[in-house]
Structure formats: structure tokens, C-alpha cells
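> Any chance you can model this:
(one chain, ligands or ions: 1)
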Amino acid sequence: MSNSSILQSIQQIASDLANIEFLFSASELSDYGSDYTEDLFFPPTAVCFPASTQEVSAIMQRCYAHNVPVFTRGAGTGLSGACLPVSAGLVLSTKKLNRIVDIDVKNLTVTTETGVVNGVLKAAVEAVGLYYPPDPASQGSCSIGGNLAHGAGGPRAVKYGITRDYVLNLEVVLPNGDVIWTGANTLKNSTGFSLTHLMVGSEGMLGIITQAVLKLIPKPTHELLLVASFANLHDCASAVNAVLLSKYKPCAIELMEKSGVEISMVATQSTFPTHPEAEAYLLFAFDGFDGDDLFLQAEGIFGILDTYNALDILPSPNADTANAWWKVRRAIGETVKQVSPYKEEDTIVPRSAMPGLLLKVKEIGGKYGFQSVCYGHAGDGNLHVNILKNNLSDSQWTVEIPKAIVEIFEYCKSVGGTISGEHGIGLVQASYLSIVMGESHYQLFRGIKATFDPKGLLNPGKWLD
Ligand SMILES: Cc1cc2nc3c(=O)[nH]c(=O)nc-3n(C[C@H](O)[C@H](O)[C@H](O)COP(=O)(O)OP(=O)(O)OC[C@H]3O[C@@H](n4cnc5c(N)ncnc54)[C@H](O)[C@@H]3O)c2cc1C
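Alright, predicted model coming up:
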């Protein structure tokens with residue numbers, strides 16, 4: 001279909017569904033042409049804002065009939081370009097699917113529309129003493145739908161797991177407009193294939209998730225942070241597994257290279273316990289219901305960190321300091337990117353392979369002449385590698401750096417890891433997927449896609465195409 005006939009079809013749909021907000025003017029559309037991935041920009045043909053499942057269904061029925069491609073957009077904080085409208089079509093924003101439908105205290109669940117922001121959902125359940133642990137660093141802006149569609153993680157995954165571990169049941173609008181619930185609101189379900197878990201990580205390619213039933217737990221009442229500084233990256237990364245092998249159970253272990261901390265401190269105007277000789281830091285969080293126990297746990301890991309030559313180990317003296325340290329950690333990704341054009345890789349390896357991965361990234365950086373800033377969820381073996389362009393020429397950037405990325409990913413594969421832990425494949429990792437997936441995988445993926453979306457209308461132009 002030509003771009004102009006797609007536009008005409010969307011105009012027809014908008015006039016049929018006059019109660020739903022549609023945008024067509026170029027100035028309004030430009031906000032929907034990018035996300036947080038590099039500097040990519042694909043202005044959409046039009047954007048719509050359904051406010052209920054029924055409205056999503058009505059839009060999809062018509063798009064299906066008119067063969068209009070649809071790109072679902074949550075909050076647009078994705079880091080793989082997964083929501084971007086890379087060809088003519090309709091961006092379907094979930095912004096107005098913003099109601100928390102029910103907090104079921106007795107069954108420890110919440111039913112929510114998927115445009116709800118992660119941090120808003122967290123605050124709502126915490127107000128009744130409950131807790132939704134998945135906490136991407138973007139929690140202040142990312143949507144629950146985006147978290148589901150990417151299988152998002154967060155620092156607390158070390159103790160609590162990731163988004164996938166909290167999903168019980170999903171309401172999904174299929175490409176033809178049919179509406180299904182994928183499972184049941186139960187803790188166990190052995191009734192057919194798990195469509196629920198197939199939807200998690202489906203990146204807007206199989207259906208539009210309109211509601212989710214999520215598991216909750218009682219809210220921990222206390223949290224304690226600890227920052228340890230190290231003179232070398234290998235010691236820093238090696239200490240992570242040693243702590244996890246002990247009887248002490250942190251809820252988060254985050255690794256940060258010195259340069260990332262320094263950039264983030266300046267940008268956020270926040271304090272952090274730096275050390276003049278430190279090359280890298282580990283931030284540990286402990287949470288629970290007994291403040292004294294947390295203190296004992298934190299103290300317990302001092303000896304382990306000393307074995308790995310920690311320069312300094314400092315517990316947070318109060319909540320304000322802890323918040324400042326978290327702020328520095330959460331802002332690293334975003335602030336490092338303001339320094340230079342960048343490519344962010346979301347490498348993940350079995351935890352014990354993390355020290356080797358860090359050294360490998362630096363070795364490959366030396367070979368190709370790039371600076372990298374590494375940070376991330378060390379407790380999960382999930383290392384974000386920000387490759388900075390700095391003074392590299394355009395041809396080095398576009399021709400040589402992809403080769404370096406292939407080498408990094410091949411190393412991840414060789415130690416049992418893969419190319420994305422939580423950011424997804426989307427657009428920018430599509431060309432690397434074959435490093436870890438063979439033709440049999442692609443055939444299965446294509447078969448699943450064709451079953452859900454026989455016309456190929458949902459999120460075309462991404463890794464499956
Ligand atoms: C500063 C910063 C820190 C970050 N930290 C983390 C982190 O710690 N952990 C982590 O996992 N990620 C992190 N991210 C990445 C990003 O925030 C997550 O991937 C998040 O889950 C994306 O949510 P979103 O609402 O912005 O989705 P979008 O970017 O809008 O969309 C992402 C994908 O989800 C699909 N989608 C969105 N909503 C739906 C829906 N309702 N139904 C079907 N498909 C849908 C889209 O089509 C697209 O494929 C970070 C990003 C930034 C900018």
C-alpha cells in the first residue's frame with residue numbers, strides 16, 4: 001500500500017471513530033517519531049489515543065480491514081527503537097489507558113491498564129502496604145505495557161526477579177480486533193500453552209496488551225545502601241559473585257564505572273561516595289522488615305569485599321543520602337549519552353562470566369579505539385556497554401564499531417550469554433540477532449507471528465522482517 005493510501009485509510013478510520021483523539025499535523029507528530037534510542041527519528045503518518053480496550057479493538061478492526069500497519073507506543077523510553085514507526089502507519093499510544101482498575105489486597109494482585117507508568121503503579125500499591133518489585137531505572141516514566149513488551153528488569157531483580165515473574169494474566173487486543181485474556185488470575189496455571197508468557201517480550205508484534213493482572217508482595221519497610229569502591233574492574237566484578245555465594249542476600253547489586261559516576265554526579269548535582277583511586281563501584285541494597293538485620297547483613301559483606309581489595313565501603317547514613325546515591329546510579333545511562341553520540345549494548349552473561357566480559361569489552365575497545373562506559377545490573381550478569389563516538393570518524397562509527405559489537409556479542413554467546421537482557425531487539429539489535437538465533441528459531445518466530453498477525457500489520461520493519 002502506498003503512503004498516501006495508508007494516510008487516507010487512517011483519515012477514514014479517524015472520521016468513523018470521531019470520539020477517539022487522532023493527530024495528523026507534522027508539528028504534533030514529531031514527538032512520536034523517536035524514543036530513547038540513539039538519535040533515531042521516524043515521523044509517523046498519524047497517532048491515535050484510545051482510552052479503553054473497546055476503543056483499541058475498534059481501531060484494530062478497522063486497521064485490519066484497511067491493511068494499515070500499527071505501531072504500539074507506551075512511554076517511548078525504549079532503548080532498542082522497538083516502538084518506532086519505521087514505515088507509514090498508525091502509532092497507537094497507550095497514554096490514555098491509564099487507570100489502575102483494582103488492587104486486590106486479599107489476593108495480592110493488581111489489575112491495571114497498561115499505559116500506567118511503572119512508578120505510579122508502585123506508589124498506588126505501596127499506599128496500601130503492598131509492593132510491585134520490577135523497577136527499571138526509567139520507572140518514573142516507562143509504562144507497564146512497555147515493561148511487559150520488553151520483559152523489563154531492574155536493579156531489584158537480584159532478589160525479586162523481573163517483570164515476567166509478576167505477570168498472571170493479560171488482556172490482549174489481537175490484530176483483527178478480537179479481545180482475549182491470556183490466562184487466569186491465579187498463581188499457577190497448567191491450562192494449555194502459556195500465551196501470557198509469549199506476550200511478555202513480544203515487542204508489540206503479536207497483539208496490544210491493554211490490561212495486566214500483576215502479582216504483588218508485602219512492602220519491605222526498611223532499606224539500606226552500601227557503596228564499595230575498587231581500584232580495578234576485575235576485582236569489582238569478581239566481588240559480585242562472592243557476595244551472592246554468601247549467606248547475605250542483597251536485593252540489588254549495581255556496578256558503575258568511575259566515568260559514568262562522575263558524569264552522572266555532575267548532571268544530577270547529587271552526591272556519591274567517590275574514592276580518588278577508584279576505577280569502579282558496586283552499589284548494594286538490602287531490604288526487609290527488620291532494620292537491625294539489614295545492618296548485620298551489610299556488615300557481613302565487608303569481609304568479602306575486603307578480599308577483593310575494596311578501597312572503601314560506606315553504608316548510607318540516612319534516606320536522603322540513599323536517594324542521592326540511587327539518583328546517580330539511575331541517571332548514568334541518560335547522562336552519559338549527553339556527552340557524545342553513543343551505542344548502548346545490553347549484554348548479559350552467566351554471572352560468573354561478568355569479570356571476563358568487562359575485560360573483553362575493554363580489550364575490544366582498545367582494538368577498535370573506542371571509549372566505553374560500562375554499568376548495570378551486575379547481580380544479574382547484565383552489563384550495559386555504552387560505546388561513545390567521541391572523536392571517531394563517521395566511517396569508523398558506521399563500519400568498524402558494528403564489527404566491534406559483533407565481537408562483544410560473540411564473546412557473550414561463547415560464555416553462555418546473549419545479546420539483550422532487558423532492552424529487547426527492536427530495530428537497532430536486529431542485525432545482530434542471528435549471532436544467537438539460528439534459522440530454526442527464525443522459522444518458529446515467523447510461524448508464531450503469522451498465527452497472531454497473518455497480515456503482518458503489527459510493528460512491521462523490526463527484527464522479524
Ligand atoms: C534512563 C533509562 C533507564 C532505563 N532503565 C531500564 C532498566 O533498568 N531496565 C529495563 O528493563 N529497561 C530500562 N530502560 C529501557 C525502557 O525504559 C524499558 O524498555 C521500558 O520497559 C520501555 O517502556 P515504554 O513504556 O517506554 O515502552 P516503549 O518504548 O514505548 O515501547 C517499547 C516496546 O513495547 C511495545 N509496547 C509498548 N506498550 C505496549 C502494549 N501495551 N502492548 C504491546 N506492546 C507494547 C512497543 O511496541 C515497543 O515494541 C531504560 C530506559 C531509559 C531511558
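
> what residues does the stretch 151-300 of the chain put near the ligand?
Ala152, Gly153, Gly154, Glu203, Gly204, Ile208, Ile209 (C-beta under 6 Å from any ligand atom). Where you see a C-beta, it was placed from the backbone N, CA and C, and this is true even at glycine.

> Do I have it right that the fifth one meets Thr72?
Yes. Under the contact definition of C-beta atoms under 8 Å, Gly204 touches Thr72, with a separation of 4.0 Å.

> which residues do those two both contact?
Common neighbours of Gly204 and Thr72 (criterion: C-beta atoms under 8 Å, 6 or more residues apart in numbering): Cys83, Ala149, Leu458, Asn459.

> Single out the residue in the stretch 301-450 of the chain that lies closest to the ligand.
Glu422 (3.3 Å; C-beta to the nearest ligand atom).

> ugh, typo on my part, it should be the stretch 151-300 of the chain
Distances between the stretch 151-300 of the chain and the ligand by C-beta to the nearest ligand atom are smallest at Gly204, namely 2.4 Å.

> okay, that residue: pLDDT?
On pLDDT, Gly204 comes in at 98.

> Check Lys337 too.
Note on Lys337: pLDDT of 88.

> mean confidence for stretch 393-408?
In this model, stretch 393-408 has an average pLDDT of 97.

> Now do the end-to-end distance for that stretch.
One end of stretch 393-408 sits 21 Å from the other (C-alpha to C-alpha, to the nearest Å).

> all helices of the stretch 51-200 of the chain, in order?
For the stretch 51-200 of the chain, the helices defined by DSSP state H, counting those that start in this stretch cover 53-66, 118-126, 144-150, 157-160, 195-199.

> Just the CA coordinates for the top helix by length along the chain, please, in CSV.
The residue-count maximum for a helix in the chain (DSSP state H) belongs to helix 319-336. Taking C-alpha atoms only, helix 319-336 is exported to CSV below (Å, rounded to 0.1, in the frame of the first residue of the first chain):
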residue,chain,number,x,y,z
ALA,A,319,17.3,8.0,53.4
ASP,A,320,18.3,11.3,51.8
THR,A,321,21.8,10.1,51.1
ALA,A,322,20.5,6.8,49.8
ASN,A,323,18.2,8.6,47.4
ALA,A,324,21.1,10.7,46.1
TRP,A,325,23.2,7.5,45.5
TRP,A,326,20.2,5.9,43.7
LYS,A,327,19.8,9.0,41.6
VAL,A,328,23.4,8.9,40.5
ARG,A,329,23.0,5.2,39.5
ARG,A,330,19.7,5.7,37.7
ALA,A,331,20.8,8.7,35.7
ILE,A,332,24.1,7.1,34.4
GLY,A,333,22.6,5.8,31.1
GLU,A,334,20.8,9.0,30.2
THR,A,335,23.6,11.4,31.3
VAL,A,336,26.5,9.5,29.6
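
> State the distance from Gln12 to Ser393.
Using C-beta to C-beta, to the nearest Å, Gln12 is found at 48 Å from Ser393.

> Ok, Val167 next?
45 Å.

> Between these two, point out the one with more neighbours.
Higher neighbour count among Val167 and Ser393: Val167, with 25 against 10, using other C-beta atoms under 10 Å.

> Quick one: residues contacting that one.
So Val167 contacts Leu148, Thr196, His197, Val200, Ala212, Val213, Leu214, Lys215 (C-beta under 8 Å, 6+ apart).

> Only whichever of the residues you listed are buried, select them in PyMOL.
Here is the PyMOL selection string for the buried members of these, based on 16 or more other C-beta atoms under 10 Å:
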select buried, resi 148+196+200+212+213+214+215
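
> pLDDT score for the residue nearest to Lys95 when sequence neighbours are not counted?
Counting by C-beta to C-beta, 6 or more residues apart in numbering, Lys95 lies nearest to Gly115, which is 5.3 Å off, once chain neighbours are set aside. Gly115 carries a pLDDT value of 98.

> gap between Gly115 and Gly145?
6 Å.

> Check Asp312 too.
41 Å.

> Just want to know which of the two has more residues nearby.
Gly145 (26 against 15).

> didn't that one look like it was pressed against Thr94?
Yes. The pair Gly145 and Thr94 qualifies as a contact (C-beta under 8 Å) at a distance of 5.1 Å.

> Overlap in contacts, the two.
With C-beta under 8 Å, 6+ apart, Gly145 and Thr94 have common neighbours Thr72, Gly74, Thr114, Gly115.

> Enumerate every residue touching Leu359.
Going by C-beta under 8 Å, 6+ apart, Leu359 touches Leu233, His234.

> pretty sure Thr72 is in contact with Leu84, am I right?
No. With contact defined as C-beta under 8 Å, Thr72 does not reach Leu84; the gap is 11.2 Å.

> Settle it for me: which of those two has more neighbours?
Between Thr72 and Leu84, counting by other C-beta under 10 Å, Leu84 is the more crowded of the two (28 against 25).

> From the ligand, how far out is that one?
Per C-beta to the nearest ligand atom, to the nearest Å, Leu84 is found 8 Å from the ligand.

> does the closest residue to that residue other than its chain neighbours sit in a helix, a strand or a coil?
The shortest distance from Leu84 to any non-neighbouring residue, by C-beta to C-beta, 6+ apart, is to Phe42 (4.9 Å). In terms of secondary structure, Phe42 is coil; the call rests on DSSP: H, G, I helix; E, B strand; the rest coil.

> Surely Phe42 is in contact with Val86?
Yes. In terms of C-beta under 8 Å, Phe42 counts as a neighbour of Val86; the distance is 5.2 Å.

> does stretch 38-51 come close to the ligand?
No. Stretch 38-51 does not reach the ligand (C-beta under 6 Å from any ligand atom); its nearest approach is 10.7 Å.

> Check which residues of that stretch are buried.
Those would be Glu38, Phe42, Pro44, Thr45, Ala46, Val47, Cys48, Phe49, Pro50, Ala51, for stretch 38-51 by 16+ other C-beta under 10 Å.

> Does Leu225 touch Trp325 like I think?
Yes. Contact criterion C-beta under 8 Å: Leu225 and Trp325 qualify, at 5.6 Å.

> follow-up on the earlier one: ok and the next helix or strand after the longest helix of the chain relative to helix 319-336, angle-wise?
Using DSSP states H and E, the helix or strand that follows helix 319-336 in sequence is strand 342-348. Angle of strand 342-348 versus helix 319-336, following axes from the mean of the first three to the mean of the last three C-alpha atoms, to 10 degrees, is 120 degrees.

> What are the contacting residues of strand 342-348?
Counting by C-beta under 8 Å, 6+ apart, 38, 79-80, 333, 336-337, 357, 361, 380-389, 401, 405, 408-409, 412, 417-423, 428-429 sit against strand 342-348.

> Find out how far it is from the centre of the chain, if you would.
Between the centre of strand 342-348 and the centre of its host chain there is 12 Å, according to C-alpha atoms, centre = their mean, to the nearest Å.

> got it, and stretch 192-211?
16 Å.

> Ok, stretch 455-465 next?
Mean C-alpha position of stretch 455-465 versus that of the full chain (C-alpha atoms, centre = their mean) differs by 20 Å.

> Let me see the contact set for the nearest residue to Gly456 once chain neighbours are set aside.
Leaving aside its chain neighbours, Gly456 sits nearest to Lys449 (7.3 Å; criterion: C-beta to C-beta, 6+ apart). Lys449 makes contact with Met205, Leu206, Gly456, Leu464 under the criterion C-beta under 8 Å, 6+ apart.
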